[in-house]
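Trainee: any chance you can model this:
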Amino acid sequence: MKIYRGKIGPISEDIVKTLAQEGDIEVATEQMSEVILDVEAIIREYLRLEEELNRQARELLQQRGLSYTEFGRVKRELAEEKKFEIGDKAVYWITHQIIECFMVNSRVTEIFSEDWVIRKKIAKIFNQHLGMEEQIDKEARAKISKSIPEGSPEWEIEYKKIFNQLAKKRGLL
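Mentor: This next block holds a predicted model:
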């Protein structure tokens, strides 16, 4: 699951406002914007850590003389070593961090729901916002000429180009 920087603000706002409105957490109205910024900071930190992991994986590939096709495996191994979740499990890592933040944050005056309830609601919000990626993926695949074999370098370049164009139109990039 890819988290776009353009979606960090709306996702963070939805998380805090939904949890507050549904009575899972209590946040004073004047503190709401600060709590939203705290959630944004957690998501941005996740993206920073993921970029750092990518950099380390690329360096390891170079050091070991491995093919770029091994990138995913090397990145997964590094993530496991650091106990850092990637891919579809990223949301679980982020939700854990958000819940921890709520517990120690003086701006969140009370937490009324169990962790698993909050985790489920946060994951649902992420899926609502990031579900657009699947729609864009389908559209991009449909636009690529059938004469280009899927998986070829030419197909990958064309796919990225079309995907990015569609993502920009929808405000994801």
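Trainee: contacts for the helix or strand D14 falls within?
Mentor: D14 is part of helix 8-21, with elements assigned from DSSP states H and E. Identification of contacts with helix 8-21 by Cβ atoms under 8 Å, 6 or more residues apart in numbering yields 3, 25-27, 32, 35-37, 39-40, 43-44, 98, 113, 118, 121-122, 125-126, 128-129. Any C-beta I mention is one placed from the backbone N, CA and C, and that applies to glycine too.
Trainee: and that helix, what's buried?
Mentor: For helix 8-21, burial by neighbour count (16 or more other Cβ atoms under 10 Å) applies to 8, 11-16, 19-20.
Trainee: and those residues, which two are the farthest apart?
Mentor: I8 and A20 (18.5 Å; Cβ to Cβ).
Trainee: can you verify E110 is assigned to a helix?
Mentor: No. Membership of E110 in a helix is not supported by DSSP: H, G, I helix; E, B strand; the rest coil, which gives strand.
Trainee: longest helix of this structure, counting residues only.
Mentor: Looking across the chain with DSSP state H, the single longest helix is helix 32-64.
Trainee: need the next SSE after it, C-terminal direction.
Mentor: Taking DSSP H and E, what comes next after helix 32-64 is helix 71-82.
Trainee: check what pLDDT the residue of the chain most remote from its centre gets.
Mentor: The centre of the chain is farthest from one residue, S147, which by Cα atoms, centre = their mean lies 33.1 Å away. Here, the pLDDT recorded for S147 equals 80.
Trainee: where does this structure dip in pLDDT?
Mentor: The chain contains residues with pLDDT under 70 at 1, 171-173.
Trainee: can you pull the domain assignment for it?
Mentor: With domains defined by automatic domain parsing, the chain comprises 5-129, 131-173.
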